[in-house]
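Student: Here is the input, now give the coordinates:
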Amino acid sequence: MPDTVNFTFSDTIAGYVTAYDEGTRRLGLATADGRRFDLTVDPQAGAELLHNLEERHSDAGGHLEAMLEPDRFVFAYALFYPEGGTTRIEAKRLLFPGRRPGSYRFEEPDWWIRQLESIAGFYRRAQFGDGPVDYTRYRTMLRLGGDKTASHVQETDTISRLVYGMASAFLLTGKDEYLDVAERGTEYLREHMRVVDPEEDVVYWYHGLSVDGDTEKKLFTSEFSDDYDAIPMYEQIYALAGPVQTYRVTADPRIRADADATLCLFDKFFLDREHGGYYSHVDPILFRADHASLGPNRSRKNWNSVGDHAPAYLINLYLATGEERYARMLEYAFDTIVERFPAKNSPFVQERFHRDWSYDTEHGWQQDRAVVGHNLKIAWNLMRMHSLAPKRQYLETATGIGETMPAVGSDRQRGGWYDVVERILADGQEYHRFAWHDRKAWWQQEQAILAYLILHGLTGREEFLREARQAESFYNAFFLDHDEGAVYFNVLAGGLPYLLGTERLKGSHSMSMYHSAELCYLAAVYNNLLINGRAMDFWFKPDPTGLDGGLLRVAPDLLPAGSVRIAEAEIDGAPHADFDAERLTVRLPRGGGRVKVRVRLEPTGRREARS
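Tutor: Reported below is the predicted structural model:
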């Protein structure tokens, strides 16, 4: 192998402008890790300003001299030519995340709200067309443009994830069309996917349905290869995601009852009362975690079974109810995470365990590998929990992950966050090896964005804001599908969409509307309420009879106590004054049926967490 590059190639450089000479068209860029690149901007180079879904392309080519100011963050698509003992880099396309240095379009007050509306519109059209919402037409698999495949399987979790996204869209916009999709989906799940076991006093959820005309075949156990012929905890967890988000809006007591009965399932059959934590799988006959039929999933625990309760449904269930037992379950999960997951042999957390918490480093595809996004997800959710139950261990673990991950999990040249890497460096290695590829998945970018937004929002540390902005820039530059709608599953390291196999799809076992909607909802909350000091409106449509004492809880997320207050409220368009501004509750009149509530929340400027 030659010691120097002796072939041409193209790549992306994400960096901050250090200098630009209009006469020579020489451009200096410094990457996130401080490396310097000297580029020449081609006279025919294209340039554009970042634009949102359903916005027109914004040509910036005529403004290059004015826009290439020092400290401005920019993406440069460039060609590399080895010439004269050096490498000449020619920029062919520039993308600017903002109009001025230090400004970013995704920090506009309604950027993420408009993005969520566009995504919601895509999935509504793809699943139901322009007619009424009929979930018998729902399909798990969707092609790139939203067309349905020949597969007629309806997976419970992907319906639930769609429901989550639509309920979130209503929370931010108040548009009834989104709530209609969420409520009809919740009803469909209850009627077709739910199993009520009166003998055990639990609810559990089918993996899904195989639909052939008017015939439905119930799929009791998982059809997914990792979990085949078992009942995986994460499928039961995500069955609750959409209904519980809908419950935040509607206060439907039937949803609450289903959630409570599913929690009984977790306590009876998945909870390890001897060693702590939750098992990842149980067998479908005896509901035992230690049954031999589970094979490699026998008596195992992992991130999904221990920690995914929090973001998928449990935080939202607590926000809607204020119920102390949900807070205790959250605290139990996070105490387990900070005790068991951090590892001394790697910068990455340990994710898989045997019953006694010894490391499981030979499990299936994961072996001793790190899912980068799971580390970030832990940091994000620990910071949320720190606002509810402040603990030094939560803050230190979260900030420690935030400090460590950029160097080992992110792409410091191109931007964005990687997928799966080896947890431990082999002798002589300086970089953690990729398990299969250097592609970047949409959901892992979500975890990075939310982790660093809330880390900055609660600590005020500028390096966390810088990481958040870089991650938001990469996601909005390369994951938005401006041709077909919604977002891509994966992109290549340089940002080009990867459109092969299941990663070409907009709907699959792994992808529905959940992560993209969760990102839009919480990025709007964190950017506006925690960071930029801007008020936001939230919408609800409950029947007050389903609320304890008619009290509607409107906290948008687990935020520091006293950081947000109610500025005003309306019921069915009329001003309403019966609210507790600090406790984030609105008392609704009883007896009149469902009402539509708009609440404006404003930040107070208080921030509690300091590292």
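Student: from here on, contacts and neighbour counts on C-alpha atoms
Tutor: Will do.
Student: so who does the nearest residue to N528 once chain neighbours are set aside touch?
Tutor: Distances taken as CA to CA, 6 or more residues apart in numbering place R534 nearest to N528, at 4.9 Å, with adjacent residues excluded. Contacts for R534 (CA atoms under 8 Å, 6 or more residues apart in numbering) come out as 109, 528, 602-603.
Student: got any ranges where the stretch 51-200 of the chain has weak pLDDT?
Tutor: Scanning the stretch 51-200 of the chain for pLDDT under 70 picks out no residues.
Student: Tell me where it has helices.
Tutor: Listed in chain order, the helices of the stretch 51-200 of the chain (DSSP state H, counting those that start in this stretch) span 64-67, 111-128, 156-173, 176-188.
Student: okay if I get these as CSV plus distance to H576?
Tutor: Shown next, in CSV, are these (distance: least, CA to CA, whole Å):
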stretch, distance to H576
helix 64-67, 47
helix 111-128, 25
helix 156-173, 18
helix 176-188, 21
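Student: can you tell which of those helices is closest to D267?
Tutor: Among the helices of the stretch 51-200 of the chain, helix 156-173 comes nearest to D267, with 20.5 Å by CA to CA.
Student: For the closest one, what is the distance to the chain centroid?
Tutor: Centre-to-centre, helix 156-173 and its host chain are 13 Å apart (CA atoms, centre = their mean, to the nearest Å).
Student: May I have it exported as PDB, CA atoms only?
Tutor: Extracted as PDB, the C-alpha positions of helix 156-173 are listed here (Å, rounded to 0.1, in the frame of the first residue of the first chain):
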ATOM      1  CA  THR A 156     -48.100  -3.800  16.500                       C
ATOM      2  CA  ASP A 157     -45.100  -1.700  17.200                       C
ATOM      3  CA  THR A 158     -45.000   0.100  13.900                       C
ATOM      4  CA  ILE A 159     -48.700   1.000  14.200                       C
ATOM      5  CA  SER A 160     -48.000   2.200  17.700                       C
ATOM      6  CA  ARG A 161     -45.000   4.300  16.500                       C
ATOM      7  CA  LEU A 162     -47.200   5.900  13.800                       C
ATOM      8  CA  VAL A 163     -49.800   6.700  16.500                       C
ATOM      9  CA  TYR A 164     -47.100   8.300  18.600                       C
ATOM     10  CA  GLY A 165     -46.100  10.500  15.700                       C
ATOM     11  CA  MET A 166     -49.600  11.600  15.000                       C
ATOM     12  CA  ALA A 167     -50.400  12.300  18.700                       C
ATOM     13  CA  SER A 168     -47.200  14.400  18.900                       C
ATOM     14  CA  ALA A 169     -48.200  16.300  15.700                       C
ATOM     15  CA  PHE A 170     -51.500  17.200  17.400                       C
ATOM     16  CA  LEU A 171     -49.700  18.300  20.600                       C
ATOM     17  CA  LEU A 172     -47.700  20.800  18.600                       C
ATOM     18  CA  THR A 173     -50.300  22.000  16.100                       C
END
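Student: hang on, the earlier thing: so is the residue nearest to N528 in a helix, a strand, or just coil?
Tutor: Secondary structure, DSSP: H, G, I helix; E, B strand; the rest coil: R534 is coil.
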